[in-house]
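Novice: need a structure here:
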Amino acid sequence: MGGIGEKEAGRVRKRYRLVHGGHPSIVLVHYTKGPAKPVPPTINIPIRNYPLPTINDPPIYVMGEKSGQRVMAPNAVHLTNQQQQLDALAANRRQTGLQPQVRRQDDDSDEESNRVSTRALAVTRFKRNHELLAEIFAVNAAANVKATPSPYEKTDKAELEAKLEQANRELAELREKLSQQEHDMEDVVTDQVPAINATLTHQLTLLIDARELIKERVALEKEYAIRLSAIAKKAEEKRARHMTHAVLGEECSKAWTDADVRSSTLDKAFMALINSYENTASDHDSFASALSADVGDALKLLERSKDESRKRQMAFFAKLVAERDRIYGERLKAKQKDRAADDKHADRAAKQLEQQKVEMQNRKNAYLIQIAAANGAKDRFYDDELPLLEDQFQAHHADTMRRMTRLLLHSQALHEGHLESVRRSVANTQTALNAVDPLHDQKLYASFNRRPFSKPEDWAFEPCERYYDTPDVITEPEPKILLQNKLQRARQKLAELIPQIEDKSRDVARLTKLVESYGSNPALGNYDEVWENLLEATHQLTDLELVRVGYQAEMQVISGALGGGNPTPPRANPLSRPMPPPASAPPATSSATKAKVLYSYTGTGEFEVSITENSTVQVVDPDDGSGWVKVLNEKGAEGLVPATYIEIIAPALNKRRAPPPPTRSAPTAKLVKALYSYEAQGDDELSLKEGATYELTPKGENAGDGWWEGVDSSGKKGIFPSNYVERV
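Specialist: Residues are numbered from 1 along each chain as shown. Below you'll find the predicted structure:
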């Protein structure tokens, strides 16, 4: 009823009681904007924390200095006169026979009726609801509607009562335990409010420490998020610069779009990795914000509110102690006053015995009353107020611990959610990385780098412009001898080269299998080392193949030019040389011709021999124009050496000296012991058994990079990994 004065409100209330009979179950409720107090669900009416007056009670002050005092209306003092006037008017009407003025009902349209229309509407709705329900029940009864089934048709009432009794017993036990727990602190820590206050102070300090811990964690998460985001941004810039060239190449043969680059599995995996970093940075930032808002700020508010509550409790405790001390002081004052009066009036007591006796008795009574009051205050302080205050401190302590624990648990829940988000991001990145398909990306690269290609044409002979020349090979007698020497030399070199190519081909095949095995199972060994060995073996095989192609082409050209007249030496003597050209051949030398070795040379073929610098060799066959000389070295071995590596010694300086016999060192068997078992993966490999002993062949340690050759106890020869054995 806002906006009306107390006089009008009082008249309306009075009229409401007179018209509607003042039903006791209807209470006027004041709706205000103050804090709401919890109410039962069945009565959802917001009320204030002060007791509301009933209709017949006078209003009270609810705030300010006069809070709780009664408010007298300005015209309350005239109520008696008004009532007397009303009685006089009623008597006058009875004498004169006038009818009383008809009161306006709630549906009147004047201002006063409008002011009470809300109450009238509420009562009217209440009555109409009851009438409507009664009508509904009547209609249902008339229509022979089946009555509502009993609540015990589907359940056993006795069973429900037994369960209810059991639940009540359990509830009583829980309440008893709770009551015992609540009084534990009171029984143990009696009259220790300052000590409890110190404990609460340390507890609040612990709250501050927890808040500082959360604050530092938030700063760390923020810094990590900023740095990780910067790393992701930098990686994205690099990806934008290099990914196109890495996927499509530097010079594409056709136009491309960003969609073509994004179709690469490598780009998808790289983008997933960058997005994982960005999402992780965002998750860390969100986690830091949530941790700061939900835990850090809440801990700060909890610490502040609990500290203020502690201070208020301590102020109240100080007030209680002061009040107790005041009452104790009153007792002491009464005692002193009684004793002082006794001493002061001791002389006059004899003169005024009766008067002094009465006064003494009154003072004694006052003293006894003060003693009783002090004892009552003491009992109240120690039996009621102090235990209640300690119980409140206990509740304060327990609530602080519970709320701090709840906030820290919430921080762990936030951390768990953050970790789950990071795990999802990592899982998405792993999925993208597992989806990388090199074959798909290679096809994509090939589709954007298709260009017309034709094999270069063969080189052709270019004749000299100064004289007539043809592309035919000259087969005159003297050039023919050189061609024959070249052909023989090519055949010898090719015969030496083919076994090397075959050995190297086997090495490449073996290393290829090893690379496949190591690629499928990295635990077998170092994949990169085996891969580099395969590349090196492939390069060596390529070099040998190029040399072979050169020899074959040389033989094909010379054989085609010489035809069937090629004087091929017999196979039994492959070192025989054709006759040199008569015009350019040097004079024949005797078998005693000596030569000095200018440079050391190591024989690389079956028909070559090794020589040492500054040693003296015997010339067997001189240079026939091919650049090679057959010599007998100081060890008695015979073979070919380059002509430029030796110098013929003049006959006068020759000193006949029989060549020393070849020296042979007794072969010593080299044994190795298997450290691990190894299963042969080819016919040329040898299986190893851990702890067994094997004998190396003469070329055992030179079988290949990372491979040795040996013989087992059964006499089987083969190769095996060198890191699987150790020398004995």
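Novice: got the phi/psi numbers for residue 630?
Specialist: When read as degrees, to the nearest 10, the backbone of residue 630 gives phi -90, psi 130.
Novice: count of residues packed around the closest residue to it other than its chain neighbours?
Specialist: Nearest non-adjacent residue to residue 630, counting by CB to CB, 6 or more residues apart in numbering: residue 621, 3.9 Å away. The C-beta positions use only the backbone N, C-alpha and C, and glycine is treated the same way. By the criterion of other CB atoms under 10 Å, residue 621 has 15 neighbours.
Novice: Assess the claim that residue 621 and residue 639 are in contact.
Specialist: No: if you go by CB atoms under 8 Å, residue 621 and residue 639 don't touch, sitting 10.7 Å apart.
Novice: Now do the shared contacts for these two.
Specialist: residue 630 (CB atoms under 8 Å, 6 or more residues apart in numbering).
Novice: which stretches of the stretch 101-250 of the chain have low pLDDT?
Specialist: Within the stretch 101-250 of the chain, the segments meeting pLDDT under 70 span 101-156, 178-191.
Novice: And stretch 615-632, what's buried?
Specialist: By 16 or more other CB atoms under 10 Å, the buried positions in stretch 615-632 come out as 616-620, 622-626, 628-632.
Novice: Also stretch 282-291?
Specialist: Within stretch 282-291, the residues that count as buried by 16+ other CB under 10 Å are 282-288, 290-291.
Novice: Could you do stretch 208-223 as well?
Specialist: By 16+ other CB under 10 Å, the buried positions in stretch 208-223 come out as 210-211, 214-215, 217-218, 221-222.
Novice: now do stretch 302-321
Specialist: Those would be 302-303, 306-307, 309-310, 313-314, 317, 320, for stretch 302-321 by 16+ other CB under 10 Å.
Novice: what is the mean pLDDT for it?
Specialist: The pLDDT scores in stretch 302-321 average 84.
Novice: before we move on, back to that, can you flag which of the buried residues of stretch 282-291 belong to helices?
Specialist: Counting by DSSP state H, those place 282-288, 290 in helices.
Novice: so who does the nearest residue to residue 723 once chain neighbours are set aside touch?
Specialist: Residue nearest to residue 723 in three dimensions, not counting chain neighbours: residue 706, with 7.1 Å by CB to CB, 6+ apart. With contact taken as CB under 8 Å, 6+ apart, residue 706 is in contact with 529-530, 533, 721-723.
Novice: Assign residue 539 to helix, strand or coil.
Specialist: When classified by DSSP: H, G, I helix; E, B strand; the rest coil, residue 539 comes out as helix.
Novice: now it: how far from residue 508?
Specialist: From residue 539 across to residue 508, the span is 10 Å (CB to CB, to the nearest Å).
Novice: Give the residue from the two that has the larger number of neighbours.
Specialist: Legend: neighbour count by other CB under 10 Å for residue 539 and residue 508, higher for residue 508 (19 against 10).
Novice: Pretty sure that one sits against residue 536.
Specialist: No: Residue 508 is beyond contact range of residue 536, at 10.0 Å (criterion: CB under 8 Å).
Novice: so after the lengthiest helix in the chain, what's the next helix or strand?
Specialist: Determined from DSSP H, the single longest helix within the chain is helix 193-248. Using DSSP states H and E, the helix or strand that follows helix 193-248 in sequence is helix 258-262.
Novice: Relative to residue 440, how far out is the nearest residue to residue 604 once chain neighbours are set aside?
Specialist: What sits nearest to residue 604 in space, not counting adjacent residues and going by CB to CB, 6+ apart, is residue 496, at 7.7 Å. To residue 440, residue 496 is 46 Å away according to CB to CB.
Novice: for residue 193, same thing?
Specialist: For residue 193 relative to residue 440 (CB to CB), the value is 78 Å.
Novice: Quick one, grab the pLDDT at the residue nearest to residue 723.
Specialist: pLDDT, the model's per-residue confidence, is 72 for residue 706.
Novice: swap in residue 294?
Specialist: 85.
Novice: and it, what are its phi and psi?
Specialist: When read as degrees, to the nearest 10, the backbone of residue 294 gives phi -80, psi -30.
Novice: for it, what are its contacts?
Specialist: Applying CB under 8 Å, 6+ apart to residue 294 gives the contacts 407, 410-411, 414.
Novice: could the residues you listed be laid out in TSV, adding neighbour count, secondary structure and distance to residue 555?
Specialist: As requested, these are exported to TSV (neighbours: other CB atoms under 10 Å; DSSP: H, G, I helix; E, B strand; the rest coil; distance: CB to CB, whole Å):
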residue	neighbour count	secondary structure	distance to residue 555
407	20	helix	92
410	15	helix	88
411	22	helix	85
414	18	helix	82
